[in-house]
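Colleague: Quick one, fold the following:
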Amino acid sequence: MSIADKVFAGSIPEIYDTYLVPLIFESYATDLAERIGAQTPRTVLETAAGSGVVPRALISKLDEKARYVVTDLNQPMLDRAMAQQAPDSRIVWQQADALTLPFEDESFDAVCCQFGVMFFPDRVAGYREALRVLRPGGRFFFNVWDSIQENDFARVVTEAAGKLFPENPPLFLARTPHGYHDVAAIEADLHAAGFFKIQIETLARRSLARSPRDPAIAYCQGTPLRNEIEARDATALERVTTAATEAIAKAYGDGAVSGKISFQSPTTLFRRG
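Modeller: All right, here's what the predicted structure looks like:
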């Protein structure tokens, strides 16, 4: 993973939240919030919170005396999350690196991370930090994307961008968001970090958009794929977005579109208690 893969700044947070969140994150945030809420945790830590889709889904499921610490490495993404969230005294917003968490041992009943661990430069270290701050019996909830072959819109956008830059194709989506999907490898990393009772499901859903241009904008302009495109040609962003729109329309139609989406969902991860 390159350094640019972790840069969510400029207009990316707003476009990410406007286009990508409803496309691929919102319904899964609801699912994650229900699984966390069912455990009735009093203290929750979220890492790599992005633009705050999980807090918007989870806060209503927590006790009125709960404490929910929401963190992200990128302050612009955290700023976007704060701006979108109704004021709530239970939420603490804090910039933090998931690999070096600024919290004491055994501080939280639950730690969650929706589609963020793929960005960790050292995933075992990130898992160890989650384990360290969990109380005995606490749970770690997270999701990761399946391979890009199993996620239609991301695959089509990557292929369209590659045709415009055949000698140096922008592969951010395949390399990072969809680059950590092997169930055996995920389980091995979790065991290496000290977790046990690990169950991982692969879940297939449908990703819906109002038009082919919405997913093209979401991926080309609302993710670090944009950084890769502009690094190759500062004037190419709209050209790539248009090519991706046309490719999605060719594959899925000109109106509202639906594509396959798949992710891995580790559902029961315990700290020994």
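
Colleague: Show the low-confidence segments of the stretch 151-273 of the chain, by residue range.
Modeller: 267-273 (pLDDT under 70).

Colleague: Would you confirm that Arg205 belongs to a strand?
Modeller: Yes. Counting by DSSP: H, G, I helix; E, B strand; the rest coil, Arg205 falls inside a strand.

Colleague: That one against Ile24, yeah?
Modeller: No. Applying C-beta atoms under 8 Å, one finds Arg205 not in contact with Ile24, separated by 9.1 Å. To be clear about C-beta, it is placed using only N, CA and C from the backbone, and glycine gets the same treatment.

Colleague: Next up, phi/psi of the residue nearest to Pro13 when sequence neighbours are not counted, please.
Modeller: Residue nearest to Pro13 in three dimensions, not counting chain neighbours: Arg80, with 4.1 Å by C-beta to C-beta, 6 or more residues apart in numbering. Per-residue torsions, Arg80: phi -60, psi -40 (degrees, to the nearest 10).

Colleague: For Arg80, give me its contacts.
Modeller: 13-14, 16-17, 51-52 (C-beta atoms under 8 Å, 6 or more residues apart in numbering).

Colleague: On the three-state scheme, Phe263 is what?
Modeller: Quick answer, by three-state DSSP: Phe263 is strand.

Colleague: Show me where the stretch 1-150 of the chain has its helices.
Modeller: 12-15, 26-37, 53-58, 75-84, 123-133 (DSSP state H, counting those that start in this stretch).

Colleague: got the buried residues for the first one?
Modeller: In other words, helix 12-15. 12-13, 15 (16 or more other C-beta atoms under 10 Å).

Colleague: One more: the second one?
Modeller: Judged by neighbour count using 16+ other C-beta under 10 Å, the buried positions of helix 26-37 are 27-33, 35-37.

Colleague: Tell me the secondary structure at Thr235.
Modeller: coil.

Colleague: Correct me if wrong: Asp189 contacts Arg128.
Modeller: No. Using C-beta under 8 Å as the test, Asp189 is too far from Arg128 to be in contact (9.9 Å).

Colleague: and these two? which has more neighbours close in?
Modeller: Taking other C-beta atoms under 10 Å, Asp189 and Arg128 do not tie; Asp189 has more neighbours (21 against 17).

Colleague: Quick check: which element contains that one?
Modeller: For Asp189, the host element (DSSP states H and E) is helix 183-193.

Colleague: Would you map the strands across the protein?
Modeller: Using DSSP state E, the strands of the chain run over 43-46, 67-72, 91-95, 108-114, 134-145, 200-209, 257-266.

Colleague: can you put those in a markdown table and add distance to Lys61?
Modeller: As requested, the strands of the chain are arranged in a markdown table below (distance: least, C-beta to C-beta, whole Å):
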| stretch | distance to Lys61 |
| --- | --- |
| strand 43-46 | 10 |
| strand 67-72 | 10 |
| strand 91-95 | 13 |
| strand 108-114 | 11 |
| strand 134-145 | 13 |
| strand 200-209 | 20 |
| strand 257-266 | 18 |
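
Colleague: With distance to Arg232 and mean neighbour count added, can I get those in CSV?
Modeller: Listed next are the strands of the chain as CSV, based on distance: least, C-beta to C-beta, whole Å; neighbours: other C-beta atoms under 10 Å:
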stretch, distance to Arg232, mean neighbour count
strand 43-46, 34, 26
strand 67-72, 27, 23
strand 91-95, 30, 16
strand 108-114, 30, 26
strand 134-145, 24, 21
strand 200-209, 26, 14
strand 257-266, 25, 19
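
Colleague: Show me the one of the ones you listed that comes nearest Arg155.
Modeller: strand 257-266 (8.7 Å; C-beta to C-beta).

Colleague: Tell me which strands that closest one pairs with, and in which orientation.
Modeller: strand 134-145 (antiparallel), strand 200-209 (antiparallel) (DSSP bridges).

Colleague: what's the closest of the ones you listed to Ala251?
Modeller: Evaluated with C-beta to C-beta, those place strand 200-209 nearest to Ala251, the distance being 12.5 Å.
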